[in-house]
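# No sequence on hand, only this structure:
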């Protein structure tokens, strides 16, 4: 299992010290650097800014939201960053959720699977640059069938450095995970647990069986998970540090009945806990929601504890479908500890 560094979301202002952490990750032999976006900072600009200071790290978006850009705009960005990085770019894409897609981008959310399939088709066509791009889908049409009537099929003026750039899909629901196995080069899960490994292997296998043409379920299919890591010899204190993060995603990221993070946790067997956390969080009782996060859940989806415990826990993760664990921490000591455990 490889390790990457994930810079996470920006909050009210840019984070400090990331340049040093990125440099440390590269020095320690980490495989990749990842950035995020929601409805504030974007994923691309920080990746280019910090990535320009690296030589070896692969540079991935975790994730670019599809509704934020047309497929051709995303392909242009991928082509550009792949050239600038010398072929180190990895395109992580995701559908996001209805609150962001409809509330922030002003676009319809329904049928995310069909929309994703069309989106990836167009991105691949632009990058391959075999012919002018034409597409007649339910959600995307090129050229636009209306307007002035002057639109025509176009081919990127920029030639690709690589004819294929890896595309990874963020997915949480079983059909979405299967879609990643079918059309993508990798999967970006959220709230993954080693206990769920068999379940997700089968979902990916469903997708692999549907692959067509030359796109077979190759051995290099990637699964990269951003698992919270807290290095603390006091286990209970470490667990308490992660409870607010889990409560936020389970309780506050999405409306009741449309929170995909909560659905993932419920499928692990925490249905009653999810219900309680959501009810408390959405009612404004955030402290109570945080307190309602079970310690067992924290340890299911995170690495927490002293160095020896994390080493032991990593053994279980290493047996799963996960190929890369993305470390998201502001303490360089955590990165160095992980590097030691990699050996």
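All right, it came through fine. Remember, predicted model here, so these are calculated numbers, not experimental data. Residues are numbered from 1 along each chain as shown.
# mind listing the strands for this protein?
Along the chain, counting by DSSP state E, strands occupy 2-6, 32-35, 58-61, 64-65, 89-94, 135-136, 141-142, 167-170, 186-188, 222-226, 229-231, 303-305, 324-327.
# want to throw those into CSV with mean pLDDT?
Putting the strands of the chain into CSV (pLDDT from 0 to 100) gives the following:
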stretch, mean pLDDT
strand 2-6, 96
strand 32-35, 98
strand 58-61, 98
strand 64-65, 98
strand 89-94, 98
strand 135-136, 98
strand 141-142, 98
strand 167-170, 98
strand 186-188, 98
strand 222-226, 97
strand 229-231, 94
strand 303-305, 96
strand 324-327, 96
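# Export the ones you listed to CSV and append columns for distance to residue 335.
C-betas here are computed from N, CA, C, even on glycine. Listed next are the strands of the chain as CSV, based on distance: least, CB to CB, whole Å:
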stretch, distance to residue 335
strand 2-6, 7
strand 32-35, 12
strand 58-61, 16
strand 64-65, 25
strand 89-94, 20
strand 135-136, 42
strand 141-142, 43
strand 167-170, 22
strand 186-188, 20
strand 222-226, 14
strand 229-231, 9
strand 303-305, 13
strand 324-327, 6
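# Among the ones you listed, single out whichever gets nearest to residue 316.
Distance to residue 316, taken as CB to CB, is lowest for strand 303-305 among these, at 10.0 Å.
# Can you tell me how far residue 151 is from residue 173?
Computed as CB to CB, to the nearest Å, the residue 151 to residue 173 distance reads 35 Å.
# The strands of the chain: which one's closest to residue 250?
Going by CB to CB, the one of those nearest residue 250 is strand 222-226, 15.7 Å.
# The closest one: partners in the sheet, and parallel or antiparallel?
Applying DSSP bridges, strand 222-226 is found paired with strand 186-188 (parallel), strand 324-327 (parallel).
# looking at those strands, which is buried most?
The highest mean neighbour count among the strands paired with strand 222-226, using mean count of other CB atoms under 10 Å, belongs to strand 186-188: a mean of 26.
# So which residues make contact with it?
Residues from elsewhere that reach strand 186-188 (CB atoms under 8 Å, 6 or more residues apart in numbering): 62-63, 90, 92, 94, 166-171, 177, 180-181, 204, 221-226, 323.
# now the end-to-end length of stretch 94-110.
Using CA to CA, to the nearest Å, one end of stretch 94-110 lies 14 Å from the other.
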